[in-house]
Structure formats: C-alpha cells, structure tokens
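Enquirer: sequence and predicted structure below; questions after.
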Amino acid sequence: MRNERHVQLRWESRTVVADGPCDPAEIVPYPGIAVAHRERRHAVDKLWLPVGESRTPHR
C-alpha cells in the first residue's frame, strides 16, 4: 500500500453535552467512529460519527 492517500477508522468515545427541552444539560459519554482522511501521512480532514441509538448517562 502506498502512503499517498488513505482513510483511517478508529473506534472512539467522546463526551457530549445533551440537553432536552425540560431536562437540565447532562454530560454523557457517546461511542462513535473517528474518520481521518490522510495524504502523505498528514491528516487533511477529520470527522466523528456517533454510533448507537441512546445515550448512556455519565455517573
């Protein structure tokens, strides 16, 4: 494989702030996939995609 251009996928959890119309804001960990587009070993674009249907309360 050449090192010119490739995409790297990594399972990653992030902390997000979730608030509802009636509930106070809550900080929760949320699973996702980090996508990095690399050219010549340097990241030129990054994206994080959340995965899952429901959030998990941080306790």
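Expert: Great, that's in hand.
Enquirer: could you use CA atoms for every contact and neighbour count after this?
Expert: Fine.
Enquirer: now stretch 33-42: average pLDDT?
Expert: What stretch 33-42 shows for mean pLDDT is 88.
Enquirer: what does it contact?
Expert: For stretch 33-42, contacts defined as Cα atoms under 8 Å, 6 or more residues apart in numbering pick out 3-13, 43-51.
Enquirer: please name the bridge partners of the residue nearest the centre of the chain.
Expert: Centroid-nearest residue in the chain, with Cα atoms, centre = their mean: W48, separated by 3.3 Å. Beta-bridge pairing of W48 under DSSP bridges involves A34.
Enquirer: OK, contacts around it?
Expert: If you count contacts by Cα under 8 Å, 6+ apart, W48 has them with G32, I33, A34, V35.
Enquirer: can you pull the pLDDT of it?
Expert: pLDDT at W48 comes out at 92.
Enquirer: quick revisit: could you export the contacts of W48 as a markdown table, including distance to A18?
Expert: Converted to a markdown table, those look like this (distance: Cα to Cα, whole Å):
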| residue | distance to A18 |
| --- | --- |
| G32 | 15 |
| I33 | 19 |
| A34 | 20 |
| V35 | 22 |
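Enquirer: could you say which helix or strand holds G32?
Expert: For G32, the host element (DSSP states H and E) is strand 26-39.
Enquirer: how far does that strand sit from its chain's centre?
Expert: 1 Å (Cα atoms, centre = their mean, to the nearest Å).
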